[in-house]
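Enquirer: got a sequence here, can you build the structure:
(2 chains)
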Amino acid sequence: MQRQHTLIFIILFIFFKMKSILKVSLITLIVIIGFSSCKKDRKIDVNTEDPSIDKPDNQEKFGTVSIVFSSKAGNSDLELDSVKYTNAHGDSLTISKFKYYLSNFKLIKDDGTVYKQEESYHLINRSNGKTYTVELENVPVGTYNSLNYLLGVDSARNTSGAQTGALDPALNMFWSWNQGYIFLLFEGTSPASQSFNQALSFHIGGFTLPYNCIRSISPSFGSQNVLVTEGHNSTIFVNTDVLKMFESPHLIKFSQVSESLGGAIGSSISDNAANMFSIASIQN
Amino acid sequence: MTLRRIFSFLFLLNILSCKTDSEILPSISKEDIQIKWPDYFPQPEYNFENNSLTKEGFYLGKKLFYDPILSKDSTISCGSCHQSFVAFAHADHKLSHGINNLQGIRNAPGLYNLIWQKSFFWDGGARHIELQPIAPIINPVEMGETIDHVVYKLRRNNAYKSLFNKAFMSDSITSQLLLKALAQFMGALISTNSKYDRYIQNPKMNPFTDDEKDGLALFENKCSSCHPAPLFTDGFFRNNGLDSTFIDSGRYRITNLPSDWGKFKVPSLRNVEVTYPYMHNGRFETLEQVLEHYNNGVLQSVTLDPLLRNGIALNNTEKRKIITFLKTLTDRDFIQDKRFSE
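Expert: I've put the predicted structure just below:
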């Protein structure tokens, strides 16, 4: 903010006093000093591994991309409470709650340049609808051949103070005793469960080692691409198969594991959950 | 304005605009809410970034801190368990005492100098001063509320509507603003004016008695590896030998690491004279009992701190002198500060 003020002052000043070249060059010097002394400024940059982030500038042309997530159980739409499903191990189950955070959406071009969504935090809750759409605005035109996001909330946002919007703790996806977001919440029942009332309760979160439950997801585009053209919207349809949470690489038997609050089991379930997502189709 | 003046003005603005955390002067002020600390204190962990400390924000935070509206049945406020006259600990309570007379599992610590803390609670389960209050609000044995419902109650209250508006220029009350206001109040609870501080700053003007000097030397020798000045805690989690088997797993609950069994955050010893009972479970009533523990009560276990393998041998004179010194850490100005009390 203050730096912007400084710039405004300088611009006004140039405007009124622009008589001699000397003065102007002095001002330029001040601006340079001003900026160079700001090198230490901390940027809130959650994913530092991409130095090649595309920043929109005025010459570029933009389109939009929608990513539609549909909750599935196997091949059919996920229905809460009413329908009995079977997991990979053969245990029968019903599902009452299925919610998860996705964050830090990126689209990557074939030349490696990256588009990053600002303030990219989304809570997808099956109770609020069968599908959830992430809208990416101001995507520079071009051919994108991969999509990347995190299952969970990056560790920085777990520890940067009171948040709002999708990260509002009032949404009850926040642990108060070991503070941080619940990344993935699954509740239901199974006759195989040894827990009280045959309950299944998997609350998965935790962003510190050794049981970091954040997973980076890049669902395969196969041979398809997202073609972003000016003023045009492309749509990526993604299926989220809840039953994959219990399938592989760690096969879950509800008779042995019926609940988790992070930790080692949480970390295994996160490994599985990373495989929930598959691209159904891309419409350019 | 002459040209030169304008230049120096612009230059100053540039410099100001580039202040990073480490360059913040040891003072944050706004009208009568000014917080400052002596130069022998480190840089705080929390600099009120994204939450500038204002008089309005502070007083809103204070009102919320003392308002039972934050609890389910409107009987318990933060101030019920954190009382200003005992440096915001819970006077005479070993374990916390919440709504419906429910008892918690831990002793309420004093609240002061929180902006220097990296984590909160005996097990470090809260990692940010703004997020910490979610825990007592939703804990069934403390305030038993939901964040959603607290926000709903505040939104229906006209006094709060205007107070939030004044503090944050916002028409809507959100959990974020509630938490930021509480952080402004709690963050401003600074205790740096004990006899010890005055002695450090000017030993000629504010001398220690011989016993206090001896006590300080003994303390530096035997205690300060875990309770170092000026905060009188190293902020780490350690097992000081209270138990050999653990009912409360402590830090393990947070990290799941077996090496953290029975470890608890080293508490600050500022104001320790008034924050009894002591330890995470309120085990000891008096400082004499605490020192006897270090002298002769340390129990062995795998995670016992190596520094305490053989206890800390203390004769009666040494114990008395250490306690005399510990009492110089009491900050009467802080305990009696009208800006902080209900």
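Enquirer: make it CA atoms for all contacts and neighbour counts henceforth
Expert: Noted.
Enquirer: which residues touch A:Ser234?
Expert: A:64-66, A:226-228, A:282-284 (CA atoms under 8 Å, 6 or more residues apart in numbering or on different chains).
Enquirer: the residues you listed, buried ones only, as a PyMOL selection?
Expert: Selection of buried members from the contacts of A:Ser234 for PyMOL, criterion 16 or more other CA atoms under 10 Å in any protein chain shown:
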select buried, chain A and resi 64+65+66+226+227+228+282
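Enquirer: which SSE is residue 148 in?
Expert: This is for chain A. If you go by DSSP states H and E, A:Asn148 is part of strand A:142-151.
Enquirer: chain B, not that one
Expert: Using DSSP H and E, B:Asp148 maps to helix B:147-155.
Enquirer: helix or strand for the residue nearest to B:Ile137 when sequence neighbours are not counted, which one?
Expert: Once flanking residues are discounted, B:Ile137 sits nearest to B:Met143: 4.9 Å by CA to CA, 6 or more residues apart in numbering or on different chains. Using DSSP H and E, B:Met143 is not contained in any helix or strand.
Enquirer: so B:Met143 touches B:Lys72, yeah?
Expert: Yes. The criterion here is CA atoms under 8 Å, and B:Met143 meets it with B:Lys72 at 6.0 Å.
Enquirer: for stretch B:204-219, buried residues please.
Expert: B:208, B:211-219.
Enquirer: what does the stretch 101-250 of chain B put close to chain A?
Expert: B:125-132, B:134-135, B:138, B:146-148, B:174-177, B:179-180 (CA under 8 Å from any CA of the partner chain).
Enquirer: apply 6 Å and report the result again.
Expert: By CA under 6 Å from any CA of the partner chain, the residues of the stretch 101-250 of chain B that approach chain A are B:125-126, B:128, B:130-131, B:135, B:147-148, B:176.
Enquirer: start and end of stretch A:119-137, how far apart?
Expert: 12 Å (CA to CA, to the nearest Å).
Enquirer: please pull out the lowest mean pLDDT helix or strand from chain A.
Expert: None of the helices or strands of chain A scores lower by mean pLDDT, DSSP states H and E than helix A:21-36, at a mean of 45.
Enquirer: which among the residues of the stretch 101-250 of chain B next to chain A count as buried?
Expert: Buried subset of these (neighbour count, 16+ other CA under 10 Å): B:125-126, B:128, B:130-131, B:135, B:147, B:176.
Enquirer: and the stretch 101-250 of chain A, which of its residues are near chain B?
Expert: Residues of the stretch 101-250 of chain A lying near chain B (CA under 6 Å from any CA): A:161-164, A:170, A:176-179.
Enquirer: how about 10 Å then?
Expert: A:158-165, A:167-172, A:174-180, A:206, A:208-211 (CA under 10 Å from any CA of the partner chain).
Enquirer: show me what the residue minimising distance to the centre of chain A bridges to in the sheet.
Expert: Centroid-nearest residue in chain A: A:Ser103, 1.4 Å away (criterion: CA atoms, centre = their mean). Here A:Ser103 sits in beta bridges with A:Tyr121, A:Leu150, going by DSSP bridges.
Enquirer: from what I can see it touches A:Tyr121, true?
Expert: Yes. Between A:Ser103 and A:Tyr121 there is a contact at 4.5 Å, judged by CA atoms under 10 Å.
Enquirer: give me the common contacts of those two.
Expert: The contact sets of A:Ser103 and A:Tyr121 overlap at A:149-150, A:152-154 (CA atoms under 10 Å, 6 or more residues apart in numbering or on different chains).
Enquirer: let's have those residues in CSV, adding distance to B:Leu64, pLDDT and neighbour count.
Expert: What follows is the shared contacts of A:Ser103 and A:Tyr121, written out as CSV (distance: CA to CA, whole Å; pLDDT from 0 to 100; neighbours: other CA atoms under 10 Å in any protein chain shown):
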residue, distance to B:Leu64, pLDDT, neighbour count
A:Tyr149, 38, 98, 19
A:Leu150, 36, 98, 21
A:Gly152, 31, 98, 28
A:Val153, 29, 98, 29
A:Asp154, 30, 97, 21
